[in-house]
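>>> structure for this input, please:
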Amino acid sequence: MIYLYRMRQSPFAFRLALALILGGAVGNLIDRLAYGKVVDFIEIGFAGWRWPYIFNIADIGVTLGMIILIALTLFERNEKESTNLPSGYEAE
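This next block holds a predicted model:
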């Protein structure tokens, strides 16, 4: 939470990714403390087919946060490479 507070001037997407990861981790921690295990309750399927994993809202938050964070990292790397600037310099 301290890191998220310190990053308050960062782009919204970065803060959102961190908040989703933190929220999911806290949600799973609450389940672990309250029930002794993480309670998964969402199952996806159609007709006789079932997705092989059952998950919860906290898992969705962690997964979406990581997807956003990875996408931001890859986009930032490609952006820096395209400007041919040394690390630590911003394009004007």
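>>> the helices in this structure, which residues?
2-6, 12-35, 57-83 (DSSP state H).
>>> show me the shaky parts of the chain.
Regions of the chain meeting the criterion pLDDT under 70 cover residues 77-92.
>>> now tabulate the helices of the chain in a markdown table and tack on mean neighbour count and distance to F46.
(Glycine included, C-beta is placed from N, CA and C.) As requested, the helices of the chain are exported to a markdown table (neighbours: other CB atoms under 10 Å; distance: least, CB to CB, whole Å):
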| stretch | mean neighbour count | distance to F46 |
| --- | --- | --- |
| helix 2-6 | 9 | 38 |
| helix 12-35 | 15 | 26 |
| helix 57-83 | 14 | 19 |
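>>> what's the closest of those to A47?
Ranking these by proximity to A47 (CB to CB) places helix 57-83 first, at 23.4 Å.
>>> report the contact partners of G23.
A58, G61 (CB atoms under 8 Å, 6 or more residues apart in numbering).
>>> do R32 as well
R32 touches V38, counting by CB under 8 Å, 6+ apart.
>>> on that earlier part again, could the helices of the chain be laid out in a markdown table, adding distance to W51?
Conversion of the helices of the chain to a markdown table gives the following (distance: least, CB to CB, whole Å):
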| stretch | distance to W51 |
| --- | --- |
| helix 2-6 | 31 |
| helix 12-35 | 19 |
| helix 57-83 | 12 |
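>>> closest one to G48 among those?
Of all the helices of the chain, the one in closest proximity to G48, counting by CB to CB, is helix 57-83 (24.2 Å).
>>> quick one: the closest one to chain centroid distance?
Averaged C-alpha coordinates place helix 57-83 at 8 Å from its chain's average position (CA atoms, centre = their mean, to the nearest Å).
>>> by contact count, what packs against that helix?
Helices and strands touching helix 57-83, by 3 or more CB pairs under 8 Å, 6 or more residues apart in numbering; DSSP states H and E, are helix 12-35.
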